[in-house]
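A.B. asks: Need a 3D model of the sequence below.
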Amino acid sequence: MMEAVGSIMERNIRKRGDLLNVKINGFTQIPNSFLIYQDIDVYEKMVMIILKKYMMNKTRCWPSHNTIAKEIPCSETTVKETINSLENRGLLTKGRDKKHRSNWYEIKM
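C.D. replies: Model prediction:
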């Protein structure tokens, strides 16, 4: 008998244990218009979805390139290139938080 995809994913996430409970059990609202938008590639969509997940109820988020790459999964180089592409298209704003020495992101979704 086939095991449900959700059960498999949940078991694998529990094994890793590196995500906050709310990010595992919660959900992220993604507009259908974004999901069917054809002018961006799969990596661009996935980066936007991951950033949206980290924003939760805030206007900005601060995940590292490594964190995003692990969740997609892809290389950090792909994440950096994808973020630059999204920023050039005006779909994402990136800034630098000097206090915490990290990038912040605002998405236009």
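A.B. asks: which residues of this protein fall in strands?
C.D. replies: Assigned by DSSP state E, the strands in the chain fall at 92-97, 102-107.
A.B. asks: Just name the most buried of the ones you listed.
C.D. replies: The highest average neighbour count among these, using mean count of other CB atoms under 10 Å, belongs to strand 102-107 at a mean of 17. Glycine gets a C-beta too; all of them are placed from N, C-alpha and C.
A.B. asks: Let me see the mean pLDDT of that strand.
C.D. replies: Mean per-residue pLDDT for strand 102-107: 92.
A.B. asks: and it, what does it pack onto?
C.D. replies: helix 42-55, strand 92-97 (3 or more CB pairs under 8 Å, 6 or more residues apart in numbering; DSSP states H and E).
A.B. asks: Can I get the first one in CSV, CA atoms only?
C.D. replies: Listed in CSV are the C-alpha atoms of helix 42-55, where the atom choice follows Å, rounded to 0.1, in the frame of the first residue of the first chain:
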residue,chain,number,x,y,z
VAL,A,42,10.9,27.0,-11.3
TYR,A,43,13.9,28.2,-9.2
GLU,A,44,12.5,31.7,-9.2
LYS,A,45,9.1,30.4,-8.1
MET,A,46,10.6,28.2,-5.4
VAL,A,47,12.8,31.0,-4.0
MET,A,48,9.8,33.3,-3.8
ILE,A,49,7.7,30.6,-2.1
ILE,A,50,10.5,29.9,0.5
LEU,A,51,10.9,33.6,1.2
LYS,A,52,7.1,34.0,1.6
LYS,A,53,7.2,31.1,4.1
TYR,A,54,9.9,32.8,6.2
MET,A,55,8.0,36.2,6.1
